[in-house]
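**Q** fold the following and give me the result.
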Amino acid sequence: MTTLGILDATALTISGVLAATLALMVLSSGARRALNLSFALFALSLTASSTFDVIGYLIQWLDRGNSAFWVELTYVAQTIIGPLLLAFTTLYLNRRSRWSDLAVGLGLAVMAALCVPLFRHQLIVDPHLIANGTFDADLNTLGLVWAQVSAVYILWSLVLFWQERRQTQEPYLALGTLILMAGFALEGGLATFFPISSVTTVFAVACLGYGVISRQIFNPLRELTEELERKVEERTQELERAYAEVEKQVEEQTAELRQQTVERERLQQEIIAAQQSSIQELSTPVIPIMDTPQGSIIVMPLIGSIDSMRAKDITRRLLAGIREHRATVVILDITGVAIVDSGVANHLNKTIQAARLKGAHTIITGISDAVAEAIVDLGIDWGSVETLSDLQTGLVAALNNLGFKLTR
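**A** From the prediction side, this is the model:
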């Protein structure tokens, strides 16, 4: 019994106790759940491996019993560690697939098939204590290959943890898997100097246990909280998509309403413009009265108030009527104009001058008593303009201007 031997056996015992404690803890929080069960089986395989190895130590130290059987049990437990770890990893990372399940099942099936030659002592021979006091056994070629299969599964799990490191943000499970992988990789070269496998297994189990306890990985409340958070996040995303869709529809409807409003305003403006044009045409009509070889007579009755804009329209329409009807006499009837001030008089004067420039004589009719008094009071001089009291008199004067006289 040497110091390294005691250290190796102690490390194996500690890792076995820690792994068994983790397995019981996880099973107590939900033994029927696949995730809990997969981790518990993985932890129990570590416990079995350590336990069988310690029993083999005791048999060698006490030199009693058959240590080969316990060595063979140790190798069985060690080889199923990898597949069970992969099963837990795929469940924990939500990376479970048909291929991963097939790989786990195939690994366990191969291990079961190799148990036949194993327990016939065809893979492991001569278990013994080496010079440094640690327990070891010789393996043939098939035994060496078999021993490395578990390392492949552990490496697979390590790669999955590395790929999902940002999503899970769980370093301890990945670190424990890395330490476990390092122990498998270094066992063959350093076993003669130091019990590397048992010591790394202790640290690996400690990291796994710290991750399980500190992060409450198998706590039902934690998983329920994560499930609620996931549902809240999904619901939030759905609401955001619905809000975006509603916002888009509101924008489309707003743009459509805006377009309809613009179109309605345009139509209203067109209607107003058409109405104004119709009103102007009705308020300043040009009426042809008589067409003679000496010229024609047109009448323009004016109704309502006259401002600068309407005065321009009156002048434009009168000139157009003179040109169209070749008029030589124009009668402006202001019977419907209630108020005549200086502004109206100036507008009428400009209209008369424009008609005169076109060669037409202008007669103003419909001057009422009130309009006549207003013109006198304002001092408006219409001495050069022919003015008459009513339209009938104006028509007679227009005929006289053309050389026609009415007789009975």
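
**Q** so which strand or helix has the most centrally placed residue in the chain?
**A** Against the mean C-alpha coordinate of the chain, by Cα atoms, centre = their mean, the closest residue is Arg241 at 6.0 Å. Using DSSP states H and E, Arg241 sits within helix 220-283.

**Q** where along the stretch 251-400 of the chain do the helices fall?
**A** Ranges of helices within the stretch 251-400 of the chain are 308-325, 342-357, 369-378, 391-401, based on DSSP state H, counting those that start in this stretch.

**Q** for Leu86, find the nearest of those.
**A** helix 308-325 (93.3 Å; Cβ to Cβ). All C-beta atoms are positioned from the backbone trio N, CA, C, and that covers glycine.

**Q** tilt between the closest one and helix 220-283?
**A** Angle, helix 308-325 to helix 220-283, by axes from the mean of the first three to the mean of the last three Cα atoms, to 10 degrees: 50 degrees.

**Q** which strands and helices lie in contact with helix 308-325?
**A** Using 3 or more Cβ pairs under 8 Å, 6 or more residues apart in numbering; DSSP states H and E as the contact test, the elements touching helix 308-325 are helix 220-283, strand 287-292, strand 295-303, strand 327-336, helix 342-357.

**Q** reformat those as a markdown table; add distance to Thr387 and mean pLDDT.
**A** As requested, these are exported to a markdown table (distance: least, Cβ to Cβ, whole Å; pLDDT from 0 to 100):
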| stretch | distance to Thr387 | mean pLDDT |
| --- | --- | --- |
| helix 220-283 | 22 | 82 |
| strand 287-292 | 18 | 86 |
| strand 295-303 | 14 | 88 |
| strand 327-336 | 9 | 89 |
| helix 342-357 | 10 | 84 |
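
**Q** now render the ones you listed as CSV, adding distance to Asn94.
**A** CSV is the format used below for the helices and strands packed on helix 308-325 (distance: least, Cβ to Cβ, whole Å):
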stretch, distance to Asn94
helix 220-283, 11
strand 287-292, 94
strand 295-303, 89
strand 327-336, 92
helix 342-357, 90
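
**Q** what does the domain assignment say about the chain?
**A** Per automatic domain parsing, the domain ranges recorded for the chain read 3-218, 284-401.

**Q** mind telling me which of those domains the model trusts least?
**A** Across those, domain 3-218 has the smallest mean pLDDT, namely a mean of 77.

**Q** ok now it, how far from the chain's centre?
**A** Remark: domain 3-218 is offset 47 Å from the chain centroid, using Cα atoms, centre = their mean, to the nearest Å.

**Q** begin at 38 from here
**A** All right, first residue 38 from here; so that's domain 40-255.

**Q** re the thing from before, let me have the domains of the chain in TSV, extended by mean neighbour count and distance to Thr262.
**A** As requested, those are arranged in TSV below (neighbours: other Cβ atoms under 10 Å; distance: least, Cβ to Cβ, whole Å):
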stretch	mean neighbour count	distance to Thr262
domain 40-255	18	9
domain 321-438	17	78
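
**Q** all good on my end, thank you.
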